[in-house]
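Participant: sequence and predicted structure, then a few things I'm wondering about:
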Amino acid sequence: MKRFGTLFVLVLLLLAAVGVVDAQDTPVEGGTLRIALASITSLDPVFIADDTSVYPSSLVYQYLVRARRLDDGTIGYEGDLAESWDIEEGGTIITFHLRQGMTFHDGNAVFAEGEGREVVADDVVFSMNRLLTAEGSVAPADLKTAYQSIEAVDDYTVRLTLSQPDGVLFDGGRGLSFLAIYPHEAIETLGDDIRTTPIGSGPFEFVEYVVDERVVLQRNEDFYIRPLLDGVEFSIIPDANGQVLAIEAGEIDLMTSAVPSTDIDRFRDNPDFVLTDTLITGSTQMIFNINVPLFSDVRFREAVAKAIDGRGIMRAVYGTVAVDGCGTTGPGWPGFSEDLCQYFPYDPDTSRAILAELGWADANGDGILDKDGEPLSFPIEAWNIPEMPRAMEAVVTQLREVGIDAQLEIVEFGTWIEDYFAGAEKLMPFSGFCCIGGTESYWGPGGLGEAMGVKDEAAQALLVEALTVLDPVERAPLIIQAADALYSQYYAIPLGFITNFQLRSARVQDFGGIFWWSHLVGADFNTWLTP
Amino acid sequence: MQYLFRRLIIVPFLLLGVATIVFGLFQLTPGDPLVGRFGLQITNMTPETVQRLRNELGLDDPVPVQYVRYMSNLLRGDLGNSITTRAPVLEEIMARSGATLELALVAFLLIVVCSIPLGLLAAIKRGSLLDRFMMGGALLGFSIPAFWLGTMLILLFAIQFKVLPTSGRGDGALYERLQYLVLPALTISLGSIGFNSRIVRSAALEVISQAYITTAHSKGLHPRRVLMRHLLPNTLMPVVTLLGVQFASLLAGTAIIETIFAWPGMGRLAINAIGRRDYPLILGTTLVFSVVYILTNLVVDLLYMVIDPRIRLG
């Protein structure tokens, strides 16, 4: 009898354990996902100029297509309002077939409860026209350059005509990712108030925005996929460290600011949290203004490049978030090439030799090379993002070892970018640009490189061609070829890449990730919370 | 009354001066407001869009034209629109003024309630262990940087003991809202509590040594009566000035604390505006902070008249 009792208890324990496993694996409806974000500037998609404001608005609005980083690291393009699309005429005509039965949110100042009207092709045309023509619109150049016309073929079909095929039109953060769909009635009725009371047709309806405090959203019961979450609450916590503290205290479930590098290791093996490498690798590189006589000689630029141990500096300064590699497009993205690093070995001896060949010698024994009585000295202007000043101090130290007296100037971003566009006669470290379209934007026609005098026609022709190739696999060799042409000329010294880590509570299940948009409800994911 | 009138008549001129200085300083500051607003996204805009935005904001107009436009708008009570949010500046400020006022009032209350009794107690128990302990604590209080103290308090009370929230303002009942107030209010008030209690102690010691206090004691008055009737009112004079300045600082200078605790106040608005080069918002918040300082000083002067009849009669 006693043995039977023990067996009975064991069976109960086993069933309980199975129950727990089931409870954690079976999606549960209900609960509010609490997300921290740094700031909100506007909820009107035409005027959103920062990444963070997109996170709540992208749950309220639908877009034609969304790009999402999949678990295997590739980018998947999923229909949102568009159920499918046809690309014709070599990519110059894209016909979007809209999902039928989608309705705008109701119970608001525009549509009374139960009276949200259906989203039709005219709404897409209206939203596109407003994006392209509204005063102060943040319509991206990618879209404006390629756009020719848009028309509603019928209620559920939209035809977009482009002047040329555009390979990055669907990418997150570019092109059509700015085209949120909303009703013309919202603009007519709300006017400027749409910046604080958005009305869309996305999986969550807007409930409340309290300035600098929170944005509250609730499930859109009429969405074609029923969201498992009751709602989403965005808390505005400006400081990344503040977001870390809030998630540790259990006050939020997900932080949208990048996890500070000093906090990454302690979350890595913590079962209560999920730390995700976004693989959005931003490049850190130092750009020469080749209009400066000193920097106009490719041999001189090579000498400077070989005096700097980019990989060592990035690892020492950025630690866990540093990613090895050279170029503008980061590892894991079409167009990244490991071969570019062949031009940038840390080789101070070669650097010294090249400088000697160019006539630089330490005439007065002060450790700094001279020529024609002038010391070898130039300024480096960096902006004060975290860790950049430390990285540049290491660069200055290494340059001094080969006899170069680099003067480090630290300024804030506004000053830096103004100086950059004014063609500062300095070595300009830069951090940003990555992923799809990164190399094209930086070094292509009208790109940032031109402000530093870099207008390599052969490389630019390749990048222009790359932009018209729709298949990323076919596009990659062109980008690599262009990058090789650029970096072999040492227009810039790539130090490496920095990735971002995102942190969420282990309660958050089936999360679609954050990649330009917040992805909570989609064809193959529907975010829910373990009780 | 004439004194009050004289003080009030100066206020508009002071504001005019402040507005001019701030406008001038902004013109000298490097950096483009459009870059501040759009950051790197500006590189993704066509040159026509950038030029259109510059024209729309009047950034390409000559400085004197911008100044005249700004001042004439100001005289009509129009502080312009924020470059970042496109909302009227006054609307942006008013939306946050309640949060700042709430935090400042609670912190101010803490400062008054704690520093005066502590300072008086230390003076009465001069030289005792209690005096030394309190003055040591006071020194520590105003030596600790507020941003460090804030983080430590969050780690202790929100992360370790989980008794208070880390940040935010709360939106529920009064009790819940008070929970959100505790840590930021304590963080900004602790330094002032320490500083003020030392000032109160010094002032009280000076008063205690006066003959009228000795006389009051020798007349056999109850110590509490001596404290309340003679010691306290005469000790408060220097403290009132200090409290006035501190209240203005609490209203205008809590930016770092508001950032750490994600408190949706005017200080954080000002910091964000500076970061984004949102010059109408920078000018607007600076002007409001100036008004706060000017009015607080005015109130302090009036309080002098209430506390010390000699000033009123003189």
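Facilitator: Perfect, I can see it now. Residues are numbered from 1 along each chain as shown, chains lettered A, B, ... in the order given.
Participant: does A:Ile48 touch A:Val54 like I think?
Facilitator: Yes. At 5.7 Å, A:Ile48 and A:Val54 qualify as touching, with contact defined as C-beta atoms under 8 Å. Where you see a C-beta, it was placed from the backbone N, CA and C, and this is true even at glycine.
Participant: helices of the stretch 1-150 of chain B, start to end?
Facilitator: Here the stretch 1-150 of chain B has its helices, by DSSP state H, counting those that start in this stretch, at B:2-28, B:33-38, B:47-57, B:63-75, B:89-124, B:129-143, B:146-153.
Participant: for the nearest residue to A:Leu59 once chain neighbours are set aside, give me the pLDDT.
Facilitator: Using C-beta to C-beta, 6 or more residues apart in numbering or on different chains and skipping residues adjacent in sequence, the residue nearest A:Leu59 is A:Phe204, 4.3 Å away. Looking at A:Phe204, its pLDDT stands at 98.
Participant: A:Leu229 versus A:Phe204, what's the distance?
Facilitator: 8 Å (C-beta to C-beta, to the nearest Å).
Participant: now do the shared contacts for the two.
Facilitator: Taking C-beta atoms under 8 Å, 6 or more residues apart in numbering or on different chains as the contact rule, A:Phe204 and A:Leu229 both touch A:Arg219, A:Leu520.
Participant: more neighbours, A:Ile48 and A:Val54?
Facilitator: A:Val54 (25 against 21; other C-beta atoms under 10 Å in any protein chain shown).
Participant: for the helix or strand where that one lies, which positions count as buried?
Facilitator: Here A:Val54 sits within helix A:51-60, counting by DSSP states H and E. Buried residues in helix A:51-60, counting neighbours by 16 or more other C-beta atoms under 10 Å in any protein chain shown, are found at A:Asp51, A:Thr52, A:Ser53, A:Val54, A:Tyr55, A:Pro56, A:Ser57, A:Ser58, A:Leu59, A:Val60.
Participant: in this structure the third one contacts A:Thr41, no?
Facilitator: Yes. In this structure, A:Ser53 is within contact of A:Thr41 by C-beta under 8 Å, at 5.2 Å.
Participant: measure the residue nearest to A:Leu59 to chain B for me?
Facilitator: 19 Å (C-beta to the nearest C-beta, to the nearest Å).
Participant: repeat for A:Phe96
Facilitator: Here the distance between A:Phe96 and chain B works out to 23 Å (C-beta to the nearest C-beta).
Participant: okay, and that residue sits in which element?
Facilitator: strand A:93-98.
Participant: what is the subsequent helix or strand relative to that strand?
Facilitator: Heading C-terminal from strand A:93-98 (DSSP H and E), you reach helix A:121-133.
Participant: quick check: A:Val210 touching B:Pro264?
Facilitator: Yes. Counting by C-beta under 8 Å, A:Val210 does reach B:Pro264; the two are 7.4 Å apart.
Participant: and the two? which has more neighbours close in?
Facilitator: Shown here are A:Val210 and B:Pro264; by other C-beta under 10 Å, B:Pro264 has more neighbours (23 against 15).
Participant: OK, contacts around the more buried one?
Facilitator: Per C-beta under 8 Å, 6+ apart, neighbours of B:Pro264: A:Val210, A:Val211, A:Asp212, A:Glu213, A:Ile236, B:Arg96, B:Ala99, B:Arg169, B:Glu258.
Participant: tell me the spacing between B:Ser97 and B:Ile271.
Facilitator: On the measure of C-beta to C-beta, B:Ser97 and B:Ile271 end up 16 Å apart.
Participant: quick one: low-confidence parts of chain A?
Facilitator: A:1-24 (pLDDT under 70).
Participant: who wins on neighbours among the contacts of B:Pro264?
Facilitator: Going by other C-beta under 10 Å, B:Glu258 tops the contacts of B:Pro264 with 26 neighbours.
Participant: and the helix or strand harbouring B:Ile271, what does it pack onto?
Facilitator: Using DSSP H and E, B:Ile271 falls within helix B:266-275. Helix B:266-275 sits against helix B:89-124, helix B:232-252, helix B:255-260, helix B:279-307, with contacts defined as 3 or more C-beta pairs under 8 Å, 6 or more residues apart in numbering or on different chains; DSSP states H and E.
Participant: for chain B, name the helix or strand with the lowest mean pLDDT.
Facilitator: helix B:309-313 (a mean of 64; mean pLDDT, DSSP states H and E).
Participant: for A:Asp324, give me its contacts.
Facilitator: A:Arg311, A:Met314, A:Arg315, A:Pro331, A:Cys341, A:Gly496, A:Phe497.
Participant: so which elements touch the helix or strand hosting the first one?
Facilitator: Spelled out, that is A:Arg311. Using DSSP H and E, A:Arg311 maps to helix A:310-318. Helix A:310-318 sits against helix A:388-401, strand A:492-498, with contacts defined as 3+ C-beta pairs under 8 Å, 6+ apart.
Participant: got the angle between it and helix A:388-401?
Facilitator: Angle, helix A:310-318 to helix A:388-401, by axes from the mean of the first three to the mean of the last three C-alpha atoms, to 10 degrees: 140 degrees.
Participant: tabulate the CA atom coordinates of helix A:310-318 in CSV.
Facilitator: Extracted in CSV, the C-alpha atoms of helix A:310-318 (Å, rounded to 0.1, in the frame of the first residue of the first chain):
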residue,chain,number,x,y,z
GLY,A,310,41.3,48.4,-35.7
ARG,A,311,40.3,45.0,-34.6
GLY,A,312,42.3,45.2,-31.3
ILE,A,313,40.9,48.6,-30.5
MET,A,314,37.3,47.6,-31.2
ARG,A,315,37.6,44.4,-29.0
ALA,A,316,39.3,46.3,-26.2
VAL,A,317,36.8,49.2,-26.2
TYR,A,318,33.5,47.7,-27.2
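Participant: who does the helix or strand following it pair up with?
Facilitator: For helix A:310-318, the following helix or strand on the C-terminal side (DSSP H and E) is strand A:322-323. Counting by DSSP bridges, the strands paired with strand A:322-323 are strand A:492-498 (antiparallel).
Participant: mind checking how far A:Val259 is from chain B?
Facilitator: 16 Å.
Participant: contacts only, for that residue.
Facilitator: Counted by C-beta under 8 Å, 6+ apart, A:Val259 has contacts A:Ala240, A:Val244, A:Phe267, A:Leu275, A:Asn500, A:Phe501, A:Gln502, A:Leu503.
Participant: and the helix or strand where A:Tyr420 lies, what's buried?
Facilitator: In this assignment (DSSP H and E), A:Tyr420 forms part of helix A:413-421. For helix A:413-421, the neighbour count (16+ other C-beta under 10 Å) marks A:Phe413, A:Gly414, A:Thr415, A:Trp416, A:Ile417, A:Glu418, A:Asp419, A:Tyr420, A:Phe421 as buried.
Participant: just these that are near chain B?
Facilitator: Residues of the buried residues of helix A:413-421 in contact with chain B (C-beta under 8 Å from any C-beta of the partner chain): A:Phe413, A:Gly414, A:Thr415, A:Ile417, A:Glu418.
Participant: which among the residues you listed gets closest to B:Ala173?
Facilitator: Of all these, B:Ala173 sits closest to A:Phe413, with 41.8 Å by C-beta to C-beta.
Participant: run through chain B and note the low-pLDDT ranges.
Facilitator: B:1, B:30-31, B:36-37, B:39-47, B:253, B:309, B:311-314.
Participant: fine, thanks again, bye for now.
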